[in-house]
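Trainee: Please find the sequence and the predicted model below.
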Amino acid sequence: MGFDEILGHQDLKERLGRAAVGDRVGSAYLFLGPDGVGRRLVATAWAALLNCEEPAHEYPFACGRCRPCRLIGAGQYPDVVLVQAAEGKDLKIEAIRTLLKEAHYRPYEGRKRVFIVDNADHMTAGAANALLKTLEEPAETLVMVLIAESEGMVLPTIRSRCQLVRFGTLPTDAIVERLRGEGVSDEEAVRHALEASGSLGGALKSVREGEERNAVRNEVIEYLGNLGREPLAPFRMAERFRDAAVPALQVVKGVYRDALVFRTRGTENGIMNRGSIDLLEHIAARLDPRELADRFLAIESAERRIHDFHANKQLVLETLFQTLAE
């Protein structure tokens, strides 16, 4: 996969490409941004360019035809190594040690050895310290690309040795267009794109898990409709969705986003939960725009506490749903 096949981030891709063909590549980079926006794809495409046998001096730079380009795209090139933790797990020292055993070897075939470390913001302390030793004394032919969502979760000593590359979210229209190309209907493409908040990976995952997510969405919306009706409702809702906190919070955030849109615009345009207009009207009628915005921020804060800080899901949800029930 080359730069031209990756959605968005045009300026960033061109900057990385010019650095590669101009031989101005450092030893360590931190690709920072939201999940699902293409950080790992860009890292892999850049690794192909760094080893391409016929690179061009203009976008998209890599030829896409030579042996390194083809093998790297297929995940089969010996000089490009991806390390990542299992879903929901921290990246442990054993994985980093395996990587570092080869850190000072010269490339087997290409010009550069590229180590891509995903989930770099979820390394154990031992793994982070082991990686730091290599960053302090990098081999001339090694390029280390760390991928992370939370800058604050990466050791300052590691951040200081990396060139920071920030990835933004993707335009909703571009995600909708890509989903249409995957055969998703217009209405579903818009809904998934809006719900994904600029993450193509999130939108594609939402499509794949559509039936399951629809069931969760319907149940969350039913619980939201009952939140303020009796004192124990927030606690029951927290208990019900404790093991599905992430998808549940995405639905709740979408509902309050829609309520804010409905309250400020007075129209259904741009609303993704159109089948729940009664609930949206109810929420919009009892809260002014500032109060709705405050609740939206509270939902985002709950997501961060669960995702970045591994907070107790039950307690986070109980606190949030009590706030929403007020």
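Mentor: Ah, there it is.

Trainee: what does stretch 12-24 rub up against?
Mentor: By C-beta atoms under 8 Å, 6 or more residues apart in numbering, the residues outside stretch 12-24 that reach it are 3, 6, 25, 42, 45-46, 49-50, 55-57, 59-61, 165, 167. Every C-beta, even on glycine, is put in place using the N, C-alpha and C of the backbone.

Trainee: On the pLDDT front, check the nearest residue to residue 122 once chain neighbours are set aside for me.
Mentor: Once flanking residues are discounted, residue 122 sits nearest to residue 90: 5.0 Å by C-beta to C-beta, 6 or more residues apart in numbering. Per-residue confidence (pLDDT) for residue 90: 82.

Trainee: Pretty sure residue 90 sits against residue 125.
Mentor: No. Contact criterion C-beta atoms under 8 Å: residue 90 and residue 125 do not qualify, at 9.7 Å.

Trainee: Neighbour-wise, which one of the contacts of stretch 12-24 leads?
Mentor: Within the contacts of stretch 12-24, most neighbours by other C-beta atoms under 10 Å means residue 46, with 30 neighbours.

Trainee: mind listing what's buried in the host helix or strand of residue 238?
Mentor: Here residue 238 sits within helix 233-240, counting by DSSP states H and E. Of all the residues in helix 233-240, those buried under the rule 16 or more other C-beta atoms under 10 Å are 233-234, 237-238.

Trainee: which one of those is nearest residue 115?
Mentor: Of all these, residue 115 sits closest to residue 238, with 40.9 Å by C-beta to C-beta.

Trainee: so what's that closest one up against?
Mentor: Counting by C-beta under 8 Å, 6+ apart, residue 238 touches 314, 317-318, 320-321.

Trainee: how far away is it from residue 274?
Mentor: Using C-beta to C-beta, to the nearest Å, residue 238 is found at 27 Å from residue 274.

Trainee: now swap in residue 249 and tell me
Mentor: Residue 249 is 20 Å from residue 274, where distance means C-beta to C-beta.

Trainee: More neighbours: which of those two?
Mentor: More crowded of residue 249 and residue 274, by other C-beta under 10 Å: residue 249, with 22 against 11.

Trainee: Now do the more buried one against residue 241, distance only.
Mentor: Residue 249 is 8 Å from residue 241, by C-beta to C-beta.

Trainee: And for residue 47?
Mentor: Separation of residue 47 from residue 241 (C-beta to C-beta) stands at 39 Å.

Trainee: of the two, who's got more company?
Mentor: residue 47 (29 against 23).

Trainee: Confirm that one sits in a strand?
Mentor: No. Assessed with DSSP: H, G, I helix; E, B strand; the rest coil, residue 47 is helix; it does not lie in a strand.

Trainee: got a list of what it touches?
Mentor: Here residue 47 is in contact with 72, 77, 80, 112, 114, 116, 143, 145 (C-beta under 8 Å, 6+ apart).

Trainee: The last one falls within a helix, correct?
Mentor: No. For residue 145, which was evaluated using three-state DSSP, the result is strand, with no helix membership.

Trainee: Go ahead and confirm it touches residue 116.
Mentor: Yes. Residue 145 lies in contact with residue 116 (C-beta under 8 Å); the separation is 4.8 Å.

Trainee: intersection of neighbour lists for those two?
Mentor: By C-beta under 8 Å, 6+ apart, residue 145 and residue 116 have these common neighbours: 43, 47.

Trainee: So which elements touch the helix or strand where residue 114 lies?
Mentor: Using DSSP H and E, the element containing residue 114 is strand 113-117. In this structure, strand 113-117 makes packing contacts with helix 39-51, strand 80-83, helix 93-100, strand 142-148, judged by 3 or more C-beta pairs under 8 Å, 6 or more residues apart in numbering; DSSP states H and E.

Trainee: closest one to residue 203 among those?
Mentor: Taking these one by one with C-beta to C-beta, helix 39-51 is closest: 14.5 Å.

Trainee: quick one: average confidence on the closest one?
Mentor: Averaging pLDDT along helix 39-51 gives 96.

Trainee: Using PDB, list the CA coordinates for that helix.
Mentor: Only the C-alpha atoms of helix 39-51 are listed here, as PDB (Å, rounded to 0.1, in the frame of the first residue of the first chain):
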ATOM      1  CA  ARG A  39      -1.200   5.900  11.600                       C
ATOM      2  CA  ARG A  40      -0.100   2.300  11.000                       C
ATOM      3  CA  LEU A  41      -1.000   2.400   7.300                       C
ATOM      4  CA  VAL A  42       1.200   5.600   6.900                       C
ATOM      5  CA  ALA A  43       4.000   4.000   8.900                       C
ATOM      6  CA  THR A  44       3.900   0.900   6.600                       C
ATOM      7  CA  ALA A  45       3.700   2.900   3.400                       C
ATOM      8  CA  TRP A  46       6.600   5.100   4.600                       C
ATOM      9  CA  ALA A  47       8.700   1.900   5.400                       C
ATOM     10  CA  ALA A  48       8.100   0.800   1.800                       C
ATOM     11  CA  LEU A  49       9.300   4.200   0.500                       C
ATOM     12  CA  LEU A  50      12.400   4.000   2.700                       C
ATOM     13  CA  ASN A  51      13.300   0.700   1.000                       C
END
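
Trainee: Alright, that wraps it up for me.
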